[in-house]
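*Asks:* Here is the input, now give the coordinates:
(one chain, ligands or ions: 2)
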Amino acid sequence: MLQAMAEDDRRDATGGCLCGAVRFRIAFPTKWCAHCHCSMCRRAHGAAFVTFCGVPASQFTIERGADDLVRYDSSPQAWRRFCRKCGSTLTFEGERWADEVHVVLANVDDPIDRVPQAHCYFDGRVPWVEIADALPKLGGPSGNEPL
Ligand SMILES: [Zn+2]
Ligand SMILES: [Zn+2]
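*Replies:* Ligands and ions are numbered 1, 2, ... in the order given. From the prediction side, this is the model:
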């Protein structure tokens, strides 16, 4: 109980890459949290899907290793940033979500202020992982439409 109250009092969360060169902080409240099953996220992370939390750009701070954070333009309108030393992909940003940073939840040290609320691009998911939760399954051209 005390622990739960302490967690509710937290105003932010820290995170970083695998080697520790890059460290960041996100200030709460976050805007959303969701799993992305799109093929580009899967490739970029070498994973079946990637869980992101969205935060206003003003609430995302690189605290260490900004020089080690490299930008990769994964499409003409969107880019991902990763640590050049260890390869951890830390963020996704794009013109479609101006002034918002999508932070990779797996690289955040502690639980944030919400839990994942949906699966996006679910119709593009891999067939070798079974998703059996009750979260909304979204997809279509935008990745965000009810299936
Ligand atoms: Zn690193
Ligand atoms: Zn994606």
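*Asks:* Low-confidence bits of the chain, can you list those?
*Replies:* Low-confidence segments of the chain (pLDDT under 70): 1-8.
*Asks:* Residues of it that sit close to ligand 1?
*Replies:* Counting by Cβ under 5 Å from the ion, the residues of the chain close to ligand 1 are 17, 19, 21, 83, 85-86. Bear in mind the C-beta positions are built from the backbone N, C-alpha and C, glycine included.
*Asks:* filter those to the buried ones?
*Replies:* 17, 21, 83 (16 or more other Cβ atoms under 10 Å).
*Asks:* circling back: output the residues of the chain next to ligand 1 as a markdown table; include the columns secondary structure and distance to residue 102.
*Replies:* Below are the residues of the chain next to ligand 1 laid out as a markdown table (DSSP: H, G, I helix; E, B strand; the rest coil; distance: Cβ to Cβ, whole Å):
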| residue | secondary structure | distance to residue 102 |
| --- | --- | --- |
| 17 | coil | 16 |
| 19 | coil | 21 |
| 21 | coil | 21 |
| 83 | strand | 16 |
| 85 | coil | 22 |
| 86 | coil | 20 |
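*Asks:* for the residues you listed, which one is nearest residue 67?
*Replies:* residue 21 (8.9 Å; Cβ to Cβ).
*Asks:* so the closest one touches residue 65, yeah?
*Replies:* Yes - the pair residue 21 and residue 65 qualifies as a contact (Cβ atoms under 8 Å) at a distance of 4.2 Å.
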